[in-house]
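K.L.:
I'd like to go over a predicted model; first the sequence, then the structure.
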Amino acid sequence: MTATFSVATPPDQMDGADSQNRATLFRRGVRPVRIGRFSTTFSIRTLLVTFVLLLAALAVAWWNMISGSASLTAADTVQALLGAADEGTSRVVLEWRAPRVVFTLLGGAALALAGAVFQSQTRNPLGSPDIIGFSTGAYTGALLVAASGISGLWATPAGAVAGGVGTGLIVYLLAWKRGVSGMRIIIVGIGVSIFLGSLNTYLITVLELETAMSVATWGAGSVNDISWVHVVPLLAMMFLTLPVMLALSRDMRLMEMGDDAAAGLGIKLERVRLVQFLCGILLVAIVTAAAGPIAFIALVAPQLALRLTGAPSVQLIPAAAMGALLLTTSDAIARAAIIPVSLPVGVVTLILGGGYLVWLLLSMGRSRKAKP
Amino acid sequence: MSVQIAQHELQPHQRLGSPGRRRLLVIVLGLILLASLSWISLFIGSGGIPAHRVLSALSSWAAGDLPQGARDTTELLILERRIPRTVLAILVGAGLGAAGVVMQAMTRNPLADPGLLGVNAGAYSAVVFGSAFMGVTIGAAHVWLAVAGALVVAVTVYLIGTSGVMGGSPAKLVLTGVAIGALLSGISFAVTLLQPEVFDRVRFWSAGSLQGRSFDEVSATLPFLIVGLLIALLLPRALNALSLGDDAAVALGARPGLTRLAGLVAVTLLCGAATAAAGPLSFIGLMVPHALRMLIGPDHRWLIPLSLLAAPVLVLCADILGRVVVAAELPAGVVTAFLGAPVLIWLIRSRAVKNL
């Protein structure tokens, strides 16, 4: 099947009279690749954009490494990374800054991947784990765990994952009415989010002050306390889910044409949908468990990447690069905006994301081409 | 020939007998509930004051035996905390309920609510900014700020939400409100984190609570609410015409532009003043109009006055519930969100919202 529906005629086999034909087969700058019986296409612009985004993300990440309250020069940082610095410097760099920087890169990519999958599956630029109440639900889960007095390293993350996944399911079921329409799931998600938000406010008043403070800090979405303990599971999860998501991305593309068309092309709809949603939710859950709910990266990154690459629909890898850039940049802003205070990164992404959403709705108003 | 109409084909509001009887029922029931809840509100709360003390304080106050200086703690609690709190619950409820009816009619949108459309968030953020950058204290001046913030956000959300593709659809308006609300609350949160003293000033007010309010808040917000309510009470006929669509409204002699402008002024005054007094309360303006429409039908000549009865009942209920269910008081805003979110979800699933 794969071979049948991949792009059939490589350009080098066409003569000049076929150039008209070629334009219909490939958008400008799109090239096919074949390895054995597998083939795919790639766009030069997409490659270029992804590369630039990655470079920018790494540059910001490097700035995050060398700046901060402990004044270290770039040379000190390099030395520490090479293991040639004194103990104090290497602790600051290797134990405090490096895990945070790596986490923002990977976490941003993970959130963006999840968002891309959700947007593709709901066929809606507004579909994202936080719109359907995942973040609020994760917060509720964490608060419930804290309220029931369970403690331990994995208690909050486990509660967050359970709360988030549970909320996602409830929203999906409440929005179900002979199928799930894009807008309905979003409004139901808003309703459930407000409901859980008030539940969260209530739970915070019930908790002991100290527990409430620590959970509330987590609830704002902060990467201030990230250490290697948080990075390792995220990295493992990325290694686990990314190949699966990429392998299914062709099916995902075809499903964007509509369920009937995709089913007609032999795609096992429910299986692909379940696996993709599961991968997305696991990625968001693991980031949320470590850093708290970080709003809007999942919503914004795939769409911004889409606009830069000019691709017909959201793509996983450019979205991931965009997500990494967005989260590292948000972290840089959070640290630098008001010097003595380090804002929770969730506040920065909330402001950026809210602004983006307003802009999206505005641009929906201006150009009638944009799909709602 | 008499036509038999099956019960299930009737609208919900037609099942309870003739229109006049239903309205009478709602008015009587509303008045009884309002009176009894206001009375109960004076007796319940922290401090554990026994009922006879409340009664004696009230009777001596009514007889004029209690000048400002000669009150003990219990009497102070009753006269300067519980009474203003009850009065404020009624005022805030009336404001938000009427604003909800006007908004839903004006936008012809069943999901319109001052909270959902971000108007309350606008009022809140304006007060936070004013508090942080202009040194405004929570008191008389912040009502102006709240009203200004409500106005700016109401106009912005309306302009963005009704323009372009899917313009004016319930979903797009709500989404615009939520987006602007998220943006503003993020910025306000950052500002309060930055300036702890601002956080301290607004935190008692930000959850949507009636706790610890005094007659100062009542007198500061009353003028705005009265003007807003007067405008709202002048609008029913125009809103009835507007609910048929702009073209039909023009044909009937109404002026949609003028109606919307007046409605906007009313909504802004009502929401701004209510938010200034009690902090952001959501869903009151969503629930009350729908409940009333099910009971008495869609005529705004009755909807607006009766919302002034029904919404205060709801706010009083939420406030009393918040005092009863947990030891530490639950803000009324939390209770209304708890009650209102299921209503929102039910509305989306019902036929009320088309195209979803």
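P.N.:
Perfect, I can see it now.
K.L.:
B:Cys317 sits in which helix or strand?
P.N.:
Per DSSP states H and E: B:Cys317 is located in helix B:300-325.
K.L.:
quick check, that helix touching chain A?
P.N.:
No. Against chain A, helix B:300-325 shows no contacts by C-beta under 8 Å from any C-beta of the partner chain, the least distance being 8.9 Å. Placement of C-beta: from N, CA and C, glycine included.
K.L.:
same question, stretch B:107-124
P.N.:
Yes. Contact between stretch B:107-124 and chain A, assessed by C-beta under 8 Å from any C-beta, occurs at B:Leu111, B:Leu116.
K.L.:
check the separation of the first and last residues in that stretch.
P.N.:
In stretch B:107-124, first residue to last residue: 23 Å (C-alpha to C-alpha, to the nearest Å).
K.L.:
what residues sit buried inside that stretch?
P.N.:
Neighbour-count burial for stretch B:107-124 flags B:107, B:109-124 (criterion: 16 or more other C-beta atoms under 10 Å in any protein chain shown).
K.L.:
do the same with stretch B:229-239
P.N.:
Neighbour-count burial for stretch B:229-239 [16+ other C-beta under 10 Å]: B:Leu229, B:Ile231, B:Ala232, B:Leu235, B:Pro236, B:Ala238, B:Leu239.
K.L.:
list the contacts of residue 186.
P.N.:
No chain specified, so I'll use chain A. A:Ile186 makes contact with A:Asn124, A:Leu126, A:Gly127, A:Ile131, A:Ile132, B:Ala171, B:Leu175, according to C-beta atoms under 8 Å, 6 or more residues apart in numbering or on different chains.
K.L.:
actually, chain B is the one I wanted.
P.N.:
A:Val347, A:Leu350, A:Ile351, A:Gly354.
K.L.:
show the average pLDDT along stretch A:358-372.
P.N.:
For stretch A:358-372, mean pLDDT rounds to 61.
K.L.:
could you do stretch A:201-217 as well?
P.N.:
Stretch A:201-217 comes out at a mean pLDDT of 72.
K.L.:
does chain A sit close to the helix or strand that the helix holding B:Cys317 is followed by?
P.N.:
As assigned by DSSP H and E, the chain's next helix or strand after helix B:300-325 is helix B:332-349. Yes. Using C-beta under 8 Å from any C-beta, we find that helix B:332-349 touches chain A at B:Gly333, B:Val334, B:Val335, B:Ala337, B:Phe338, B:Gly340, B:Ala341, B:Pro342, B:Leu344, B:Ile345, B:Ile348, B:Arg349.
K.L.:
so the first one versus B:Trp205, what's the distance?
P.N.:
The gap separating B:Gly333 from B:Trp205 is 10 Å, by C-beta to C-beta, to the nearest Å.
K.L.:
ditto for the fifth one
P.N.:
With distances defined as C-beta to C-beta, the gap from B:Phe338 to B:Trp205 amounts to 20 Å.
K.L.:
so between the two, which is more surrounded?
P.N.:
B:Trp205 (24 against 21; other C-beta atoms under 10 Å in any protein chain shown).
K.L.:
okay, and that one sits in which element?
P.N.:
Per DSSP H and E, B:Trp205 falls inside helix B:196-206.
K.L.:
now the two most distant members of the buried residues of stretch B:229-239.
P.N.:
Within the buried residues of stretch B:229-239, B:Leu229 and B:Ala238 form the most distant pair, 15.9 Å apart (C-beta to C-beta).
K.L.:
which residues of the stretch 251-356 of chain B score low on pLDDT?
P.N.:
B:327-328, B:351-356 (pLDDT under 70).
K.L.:
before we move on, back to that, show me what the helix or strand following the helix holding B:Trp205 is packed against.
P.N.:
Next in sequence after helix B:196-206, counting helices and strands by DSSP H and E, comes helix B:215-234. Where contact means 3 or more C-beta pairs under 8 Å, 6 or more residues apart in numbering or on different chains; DSSP states H and E, helix B:215-234 is packed against helix B:83-107, helix B:141-162, helix B:256-278, helix B:300-325.
K.L.:
quick one: name the residues of the stretch 101-250 of chain B near chain A.
P.N.:
Within the stretch 101-250 of chain B, the positions near chain A by C-beta under 8 Å from any C-beta are B:111, B:116, B:160-161, B:163-167, B:171-172, B:174-176, B:178-187, B:189-190, B:193-194, B:207.
K.L.:
PyMOL command to pick out the buried ones of those residues?
P.N.:
Applying 16+ other C-beta under 10 Å to these leaves a buried subset, and the PyMOL line that selects it is:
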select buried, chain B and resi 111+116+160+161+163+164+165+166+171+172+174+175+176+178+179+180+181+182+183+184+185+186+187+189+190+193+207
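K.L.:
just the residues of the stretch 101-250 of chain B next to chain A: which are in helices?
P.N.:
With DSSP state H as the criterion, helices contain B:160-161, B:171-172, B:174-176, B:178-187, B:189-190, B:193-194 from among these.
K.L.:
so where's chain A uncertain?
P.N.:
Using pLDDT under 70, chain A drops low at A:1-29, A:37-40, A:68-71, A:152-153, A:178-183, A:205, A:209, A:213, A:338-341, A:364-372.
K.L.:
can you give me the strands in it?
P.N.:
For chain A, the strands defined by DSSP state E occupy A:30-35, A:38-43.
K.L.:
tabulate those strands in JSON lines, adding columns for distance to chain B and mean neighbour count.
P.N.:
Shown next, in JSON lines, are the strands of chain A (distance: least, C-beta to the nearest C-beta, whole Å; neighbours: other C-beta atoms under 10 Å in any protein chain shown):
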{"stretch": "strand A:30-35", "distance to chain B": "29", "mean neighbour count": "13"}
{"stretch": "strand A:38-43", "distance to chain B": "27", "mean neighbour count": "14"}
